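Trainee: show me how the following folds:
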Amino acid sequence: MSTSQADIPARKGRDRGDSANVGRTAAMDDEWKSATATYTREANGSITTEGACGYGDLHRAAYGRYSTALSTGLFNRGSTCGACFEVRCVDHILWCRQGSPSIIVTATDFCPPNYGLPNEYGGWCNYPREHFEMSGAAFAEIAEKRADIVPVQYRRAKCARTGGIRFTVSGSSHFFQVLISNVGLDGEIISIKVKGSQTGWIPMGRNWGQNWQCNSFLSGQLLSFEVTVSSSKTLTSYSVAPPHWQFGQTFEGKQF
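Mentor: A predicted model of the protein is given here:
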């Protein structure tokens with residue numbers, strides 16, 4: 001199935017029902033770790049602008065209302081993009097929601113450090129702090145929005161996604177790039193391979209965020225993709241893009 005990236009509609013209700021961004025998904029790691037959280041003050045409570053992971057409009061990518069930027073220590077140079085975290089507010093009777101409810105958020109952006117401010121007062125994303133800069137909607141489900149910053153606990157969670165992994169192709173005749181989104185299970189990709197109908201499997205390198213590249217001529221070829229996530233599980237989607245694919249189109253493969 002193919003669509004133009006610009007033609008993917010924002011679906012009503014999708015932010016809560018899709019992609020496990022809020023679903024009570026099983027944790028991948030039972031150990032809770034300590035961090036802090038703030039939120040971005042977008043007009044509609046969501047993060048909608050393109051971030052460091054390269055997903056573009058986050059509502060169209062189904063991450064918008066339940067997305068988060070990560071501090072340097074968590075972002076890991078972009079390899080954590082797409083990963084899901086279960087987060088809950090703790091140890092603050094004034095700001096935390098009663099019962100410390102948790103939510104699932106997806107890593108979509110980078111929270112840059114500000115070494116002009118102290119780590120404990122404004123430099124929330126300074127290394128080695130572990131910090132989540134969440135959407136306003138996500139933050140409001142675990143804490144009072146009057147709070148500037150709250151203590152939280154987090155752990156990695158499985159990403160339950162609706163539909164298959166999405167491959168958005170771009171580049172030029174001798175430079176092939178693909179944006180990978182809507183990845184289930186770990187959500188965190190560690191390697192990608194592409195295969196044209198006239199080539200073997202070609203390893204791709206990370207360009208930035210979840211954009212992967214190779215210097216190969218693949219125009220006019222049927223495309224297949226092999227995706228490996230951080231748990232070392234690999235999924236192969238054969239014949240995802242037809243020979244007449246065009247740059248800017250999005251194709252849907254299998255799902256973990």
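Trainee: any idea which residue sits dead centre in the chain?
Mentor: The residue lying closest to the centre of the chain (C-alpha atoms, centre = their mean) is residue 82, at 2.5 Å.
Trainee: residues in contact with it?
Mentor: 53, 106, 107, 108, 159, 180, 181, 183, 187, 188, 189, 210 (C-beta atoms under 8 Å, 6 or more residues apart in numbering). Heads up, the C-betas are built off the backbone N, CA and C, glycines and all.
Trainee: if I look at the third one, what pLDDT would I see?
Mentor: If I follow you right, that is residue 107. With respect to pLDDT, residue 107 scores 95.
Trainee: CA atoms only: put stretch 144-163 into CSV for me.
Mentor: C-alpha atoms of stretch 144-163 as CSV (Å, rounded to 0.1, in the frame of the first residue of the first chain):
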residue,chain,number,x,y,z
GLU,A,144,-0.8,19.2,37.4
LYS,A,145,0.2,21.5,34.6
ARG,A,146,0.9,24.3,37.1
ALA,A,147,4.1,22.4,37.9
ASP,A,148,7.3,23.5,36.2
ILE,A,149,9.0,20.2,36.7
VAL,A,150,8.1,17.0,38.5
PRO,A,151,10.0,13.9,39.7
VAL,A,152,9.0,10.8,37.7
GLN,A,153,9.8,7.1,37.3
TYR,A,154,10.1,5.5,33.9
ARG,A,155,10.8,2.1,32.3
ARG,A,156,10.8,0.9,28.7
ALA,A,157,7.6,-0.5,27.4
LYS,A,158,6.4,-2.4,24.4
CYS,A,159,5.1,-0.3,21.5
ALA,A,160,1.7,-1.6,20.3
ARG,A,161,1.1,0.0,16.9
THR,A,162,-1.9,-0.1,14.5
GLY,A,163,-1.0,-1.2,11.0
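Trainee: tell me how far it lies from the chain's centre.
Mentor: Distance of stretch 144-163 from the chain centroid (C-alpha atoms, centre = their mean, to the nearest Å) equals 13 Å.
Trainee: buried set for it?
Mentor: For stretch 144-163, a neighbour-count test (16 or more other C-beta atoms under 10 Å) marks 147, 149-150, 152-161 as buried.
Trainee: dump stretch 205-218 to CSV, keeping only the CA atoms.
Mentor: Extracted in CSV, the C-alpha atoms of stretch 205-218 (Å, rounded to 0.1, in the frame of the first residue of the first chain):
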residue,chain,number,x,y,z
GLY,A,205,23.5,3.7,7.8
ARG,A,206,21.7,6.1,10.1
ASN,A,207,21.6,9.6,8.6
TRP,A,208,19.7,11.3,11.5
GLY,A,209,16.9,10.3,13.8
GLN,A,210,15.1,7.4,12.1
ASN,A,211,16.3,8.4,8.6
TRP,A,212,18.5,5.8,7.1
GLN,A,213,20.6,6.0,3.9
CYS,A,214,22.7,4.2,1.4
ASN,A,215,24.5,5.3,-1.8
SER,A,216,22.7,3.0,-4.2
PHE,A,217,20.7,3.3,-7.4
LEU,A,218,17.3,1.7,-6.6
